[in-house]
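S.K.: this one's sequence-less:
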């Protein structure tokens, strides 16, 4: 019984800290999260359709460079957050979220565009077309908000793009290495 009360007190403390967090969950942020969740579900369903039931999870063995992917997002988020360390917490959170979203949306449009082109006229390419349209609109909305909220957007965006590009290159290097090793293993096994 004592352990149960201890856990209850810890939960109450955690909820109080969460409620006191100055980061605001706006309708726009919630809408974007829902949109991205819908995109993730659609892409997951395609992975299952193409690769089978083993892709029904995010288990490490079903991911390509999962650790590097997580590092990309975490490092990008940390960089953007630290760039606004001199701002009040609410403004800092809003700008960091905005820039991370803007950078990731730009990258997603690039990656999905390349993927769509490689898929030709397939069903998957058509589905990616609607996803690309939504992402393009969202990118424009986020960029407009950043330009209004950050007078230094023009210069800062270039600096942030360079950091994101470097982080992305690290991911691509790791992915290239893994795919090269997989190809070498497959070739060795086939001989």
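M.R.: Yep, it's here. Everything numeric in this text was worked out from a predicted model, so none of it was measured.
S.K.: Give the phi and psi angles for residue 87, as a check.
M.R.: phi -90, psi 160 (degrees, to the nearest 10).
S.K.: Once you drop chain neighbours, what's closest to it?
M.R.: Among residues not flanking residue 87 along the chain, residue 95 sits closest, at 6.7 Å (CB to CB, 6 or more residues apart in numbering). Every residue, glycine included, has its C-beta placed from N, CA and C.
S.K.: From residue 64, how far off is that neighbour?
M.R.: Going from residue 95 to residue 64 by CB to CB, to the nearest Å gives 31 Å.
S.K.: who has more neighbours, the two?
M.R.: residue 95 (22 against 12; other CB atoms under 10 Å).
S.K.: so which helix or strand takes in the more buried one?
M.R.: helix 89-119 (DSSP states H and E).
S.K.: give me the low-pLDDT residue ranges for the chain?
M.R.: Along the chain, segments meeting pLDDT under 70 span 1-7, 17-25, 184-191.
S.K.: All the strands of the protein, in order from the start?
M.R.: Counting by DSSP state E, the chain has no strands to list.
S.K.: mind checking how far the closest residue to residue 125 other than its chain neighbours is from residue 36?
M.R.: Leaving aside its sequence neighbours, residue 125 sits nearest to residue 119 (CB to CB, 6+ apart; 3.9 Å). Distance of residue 119 to residue 36, given as CB to CB: 21 Å.
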